[in-house]
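> Sharing a model that was predicted from the sequence below.
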Amino acid sequence: MKYFRQDGDRIIYSCENLSVWIEPYGRDVIRIRQSINPAMPDRTFALLPPVSTTAGIELGEDRAAMTSGALRAAIDKKGILSFARITTQGSTGLLSETNKHFTTTNSDLSRITLDFSANEEERFYGLGQHSHGMLDQKGCVIDLKQVNTQVAIPLLISNRSYGFLWHDPSTGHVELARNRTRWVADASRGIDYLVFTGDSYAEIMERYAGITGLPPQLPEWAAGFWQCKLRYRTQDELLGVAREYKKRGLPLSVIVIDFFHWTMMGEFRFDPKYWPDPAAMVRELKELGVELAVSIWPMINFNSCNYAEMKSRGLLVRPERGAGAQHQFIDTYPEGKVFTQYYDATNPQTMEYVWEKVREHYHAYGIRVFWLDNCEPDLAPPDFDNVRFHLGNGSEVACVYPLLNAKGFYDGLVAQGEKEVVTLCRSGWAGSQRYGSIIWSGDIASTFESLHNQVRAGLNMAMSGIPWWTTDIGGFHGGNPDDPVFRELIVRWFQYGVFCPVFRLHGVRAPANWSNVPEMTGAANEAWSFGEKAYDIIAGLIKMRERLMPYIMEQMNVASRNGTPPMRPLFFDFPGDPECYRWEDEFLFGPDILVAPVTAKGATSRQVYLPAGTAWRNAWSGETHQGGTILNAAAPLEVVPVFIRGESDPGIVRA
């Protein structure tokens, strides 16, 4: 029997009902597709068109192989694949399939499991954002589902010099066990993954950006300080906060209007009772040098003026069975809880409809920054198999929703001539970076444990191809501005946040008023809200961010050119130093700034590891230390341990 044939630059394997396609997708990149259906699925989802490259193809009786740059894929007569990296020193095995299984349903969808051999010394990074508090995810089981605070981006970066993209938006999970690595898709038309390699982590991330897209250039205003809280209730209240920042001489780049500023959820317009003159508001903010961002939710109130039309035109996510409601939530009208459906971001006609409403009622006033909240979508209950999207059943396609939601806004803004496109998103998928998505870590708790976990979460997002990432400084849930413990926490969080790619304060502070929507708000959440001692430190950090702006923008330029994230683990720049893999609670902000956040309550010092191979200078004392050493760094409340690489001068001076 002949198992292999060549079709152009593609190897095709066929045996019984299994077909396997092996294709080059750029230098050092190979794409694998496998299906038991008559037609091979041809969906791009996150992928750009392949980069033309010359691939070597070998066909034998029992084995075939493809070489793209330094990556080689081989397939045997049983349809099992293996991958190796080719160097001048020889060939090194990277990963090998060991088993795959398709369990068909009553359609062309299958539950798929794909196993790879495990390497006990292997470390895995990426997979989006999770709150388990680990950077190396070897040994973890990770759900591939979009949930508030958990962002599923199915990209793994291995310390064995390769990246792996599971190009499948179905729900599922991945098991990174000691005896195997197993990928599971709950409902899919076939297996689709890409393997890529490089000589460094930067090169591996560049290969990934080459197949899923580079981020645009982050505007300088977006790299400054963002002020936000749940919630500013009126136009006068919001403008008063912006004026106070300017009065105090504190830099302010963006201020944010949160939810329930609208007439009704799904009507995409300001309530004129509380926001009587949006155009004047935007004009004054621009005169102050402040951009306005506005929250947009994808939920449509059954009572809204747009619901009937959107439902009749098939622009809403539909139930497979039962009633149409996918979420019960409070709204401006009627008082109390209402039923809502999500708009279907996987339908291009939906996004054209939504953008036209947003253009008319927000962009026309000069608003060009949108906060795409609740965009997982946050189904309640999260029964993905019971919803029907334009692209298919929820179990098959749900994970791609936040990507296509961001794309709809990106396309709309570009069509209006906007050159600087930024959206703040609570979720994302592979490729979100190319649509100008800043992803933040969702509704996290206001605790030291949560801050501790954010450090790892942000670094894994960086290793997931997302260079623009942020948290709610101080956490979202709770935190009383008069509580001494919270005042300590928010200072420590500011000290971390000032070195995040995006620097943003948000949260619902206690005590909060939840009595009714018009009055709903948390306690004060501005830089001056946490006592004089905290204010002095926070004001200094905000001003330091401005001094760092040339350095920050240089890192953002690098990210837009080759995909290197500005915030990254120590091992990214020092892969040959084994200690850098062990220190997960420090990070590099660009190549020259090492940050060791303080995430323990009451701590006044912490241990810091300085990577080998270069000298490091204490940013505050000026004392120089040789790399490869562990220090006990002083960290009273006003100090976060920061070290500068060699003789570089990124602009840090103690305020």
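Arrived safely, thanks for sending.
> got the residue ranges for the strands in the stretch 201-350 of the chain?
Using DSSP state E, counting those that start in this stretch, the strands of the stretch 201-350 of the chain run over residues 225-227, 254-257, 291-296, 299-301, 318-319, 327-330, 337-342.
> For Lys419, which of these is the nearest?
Taking Cβ to Cβ, strand 291-296 is the member of those nearest to Lys419, at 13.8 Å. For the C-beta atoms, the positions are set from N, CA and C on the backbone; glycine is no exception.
> Name every strand pairing with that closest one and say which way it goes.
Its sheet considered, strand 291-296 pairs with strand 254-257 (parallel), strand 369-372 (parallel) by DSSP bridges.
> out of the ones you listed, nearest to Met520?
When the strands paired with strand 291-296 are compared by Cβ to Cβ, strand 254-257 sits nearest Met520, at 13.5 Å.
> For that closest one, give me every contacting residue.
Contacts with strand 254-257, where a contact means Cβ atoms under 8 Å, 6 or more residues apart in numbering, come from 221-222, 224-228, 231-232, 238, 241-242, 275, 285, 290-295, 369, 371, 424, 504, 506.
> do that again at 6 Å, thanks
226-228, 242, 290-291, 293-294 (Cβ atoms under 6 Å, 6 or more residues apart in numbering).
> Alpha carbons of that strand, in CSV - could you do that?
What follows is strand 254-257, C-alpha atoms only, in CSV (Å, rounded to 0.1, in the frame of the first residue of the first chain):
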residue,chain,number,x,y,z
VAL,A,254,-6.5,57.7,29.9
ILE,A,255,-9.6,57.8,32.0
VAL,A,256,-12.3,55.2,31.7
ILE,A,257,-16.1,55.2,31.8
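> now the strands paired with strand 291-296 as TSV including mean neighbour count?
What follows is the strands paired with strand 291-296, written out as TSV (neighbours: other Cβ atoms under 10 Å):
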stretch	mean neighbour count
strand 254-257	23
strand 369-372	24
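> hang on, the earlier thing: of the contacts of strand 254-257, which is the most crowded?
Tallying neighbours with other Cβ atoms under 10 Å puts Trp226 at the head of the contacts of strand 254-257, with 27 neighbours.
> Arg504 is in contact with that one, correct?
Yes: Trp226 lies in contact with Arg504 (Cβ atoms under 6 Å); the separation is 3.7 Å.
> ok, and for stretch 78-85, which residues are buried?
79-85 (16 or more other Cβ atoms under 10 Å).
> Cross-check the contact I'm expecting between Leu109 and Asp186.
No: judged on Cβ under 6 Å, Leu109 makes no contact with Asp186 at a distance of 8.9 Å.
> buried sites along the lowest-mean-pLDDT helix or strand in the chain?
None of the helices or strands of the chain scores lower by mean pLDDT, DSSP states H and E than strand 327-330, at a mean of 91. Neighbour counts using 16+ other Cβ under 10 Å place 327, 329 of strand 327-330 among the buried residues.
> Mind giving me the packing neighbours of that strand?
Packing partners of strand 327-330 (3 or more Cβ pairs under 6 Å, 6 or more residues apart in numbering; DSSP states H and E): strand 337-342.
> Could you rerun that using 10 Å?
When contacts are defined as 3 or more Cβ pairs under 10 Å, 6 or more residues apart in numbering; DSSP states H and E, strand 327-330 packs onto strand 299-301, strand 337-342.
> Let's have the ones you listed in CSV, adding mean pLDDT.
Converted to CSV, the helices and strands packed on strand 327-330 look like this (pLDDT from 0 to 100):
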stretch, mean pLDDT
strand 299-301, 97
strand 337-342, 94
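> Now the common contact residues for Leu109 and Asp186.
Common contacts of Leu109 and Asp186 (Cβ atoms under 10 Å, 6 or more residues apart in numbering): 170, 393, 395-396.
> now the helices for the chain?
Using DSSP state H, the helices of the chain run over 201-212, 235-247, 278-287, 307-312, 348-361, 394-397, 401-415, 448-462, 484-497, 532-547, 549-562, 570-573.
> May I have stretch 80-91 as CSV, with CA atoms only?
Coordinates of each C-alpha in stretch 80-91 appear next as CSV, following Å, rounded to 0.1, in the frame of the first residue of the first chain:
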residue,chain,number,x,y,z
ILE,A,80,2.4,9.1,13.8
LEU,A,81,4.5,12.2,13.6
SER,A,82,7.8,13.3,15.2
PHE,A,83,9.7,16.6,15.1
ALA,A,84,13.4,17.3,15.3
ARG,A,85,15.6,20.4,15.2
ILE,A,86,18.5,20.3,12.8
THR,A,87,21.7,22.2,13.6
THR,A,88,25.3,22.0,12.5
GLN,A,89,26.0,19.7,15.4
GLY,A,90,23.3,17.2,14.3
SER,A,91,19.6,16.6,15.0
